[in-house]
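Novice: what shape does this take:
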Amino acid sequence: MRFMFVFLLLALGSCSPHTFRKLTKEEVATVKQYSRQFSKSDGLYHVLIMTDAGNLVVKLYNETPLHRDNFIAKVRAGFYDSLMFHRVINNFMIQGGDPNSKKAEPGESLGNGSAPGDRIAAEFRTEQGIYHKRGALAAARDNNPEKASSNCQFYIVQRKPWRPTQLDSTIVQRKLTLNEEQKKIYTTVGGTPHLDGGYTVYGELEEGFDVLDKIAATKTNKSDRPEQDIRMRMFVISEPKQ
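Specialist: Residues are numbered from 1 along each chain as shown. I've put the predicted structure just below:
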């Protein structure tokens, strides 16, 4: 797990979330389009992530209310506007949410930024069938003993399906304990089984897997930062009906 802490390691810092957002006509039209498309009564929040590489839509789980509410509050405040996907590893994940990335210089090392406030208590829900499958939205964290999450950095799992023999070898090598449901998911859908029970998954990608793969395939430097900046803006496009 040491290499995981290299790319997910966070240190507490400071930043100020945006409270005013000016949208272009194109952004307004796109938000309206996706709001109509995802105006479903499934009792979940849906968030549009606009990126330089295309659009992603994620839904947030009610089983992880601390992470859900924190994420929604930051999206509504415009916290993520102009931040980058600052660390990308193809066939693994894409990571963003470091506030220091907004004004980062080319080649600047990123990944240590945090928002004001405390970490978020871990909400592992593997017993409820919430795993690190391909498309999972999860919280990055530092190496704290409680495995509490960063209050702003996140990643989306991109790894494609495992070959059964490959997964079996990984289970042995990493001394994993996977149930049959997990094995089926990781060999048919994909994902990162060694992160289950270590990092909180609080949502999943609903649309934009092609964009996920496009971002993951971008050329990066030795710190896994994309050589060409990939920035984001986020909007709540659907929420539970009261």
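Novice: for the chain, name the helix or strand with the lowest mean pLDDT.
Specialist: Every helix and strand in the chain was compared by mean pLDDT, DSSP states H and E; the lowest is helix 2-8, with a mean of 34.
Novice: pull out the buried residues from the helix or strand that it is followed by.
Specialist: Counting by DSSP states H and E, the next helix or strand C-terminal to helix 2-8 is helix 25-37. Burial within helix 25-37, assessed by neighbour count using 16 or more other Cβ atoms under 10 Å, is assigned to T30, V31, Y34. To be clear about C-beta, it is placed using only N, CA and C from the backbone, and glycine gets the same treatment.
Novice: could you measure from the residue nearest in space to the middle of the chain over to A136?
Specialist: Per Cα atoms, centre = their mean, the C-alpha nearest to the average position across the chain is that of Y155, at 2.8 Å. Separation of Y155 from A136 (Cβ to Cβ, to the nearest Å) stands at 9 Å.
Novice: from the chain's centroid, how far away is the helix or strand containing D213?
Specialist: Assigned by DSSP H and E, D213 belongs to helix 209-216. Here the centre of helix 209-216 is set off from its chain's centre by 13 Å, with Cα atoms, centre = their mean, to the nearest Å.
Novice: how about the helix or strand that that helix is followed by: buried residues?
Specialist: Once the chain leaves helix 209-216, the next helix or strand it forms, by DSSP H and E, is strand 232-238. Going by neighbour count (16+ other Cβ under 10 Å), the buried part of strand 232-238 is M232, R233, M234, F235, V236, I237, S238.
Novice: same list (these) but as a markdown table, adding pLDDT and distance to K222.
Specialist: Output for those, formatted as a markdown table (pLDDT from 0 to 100; distance: Cβ to Cβ, whole Å):
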| residue | pLDDT | distance to K222 |
| --- | --- | --- |
| M232 | 97 | 23 |
| R233 | 96 | 28 |
| M234 | 96 | 29 |
| F235 | 95 | 34 |
| V236 | 95 | 36 |
| I237 | 94 | 37 |
| S238 | 93 | 40 |
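Novice: quick check: the farthest pair among the residues you listed?
Specialist: M232 and S238 (18.4 Å; Cβ to Cβ).
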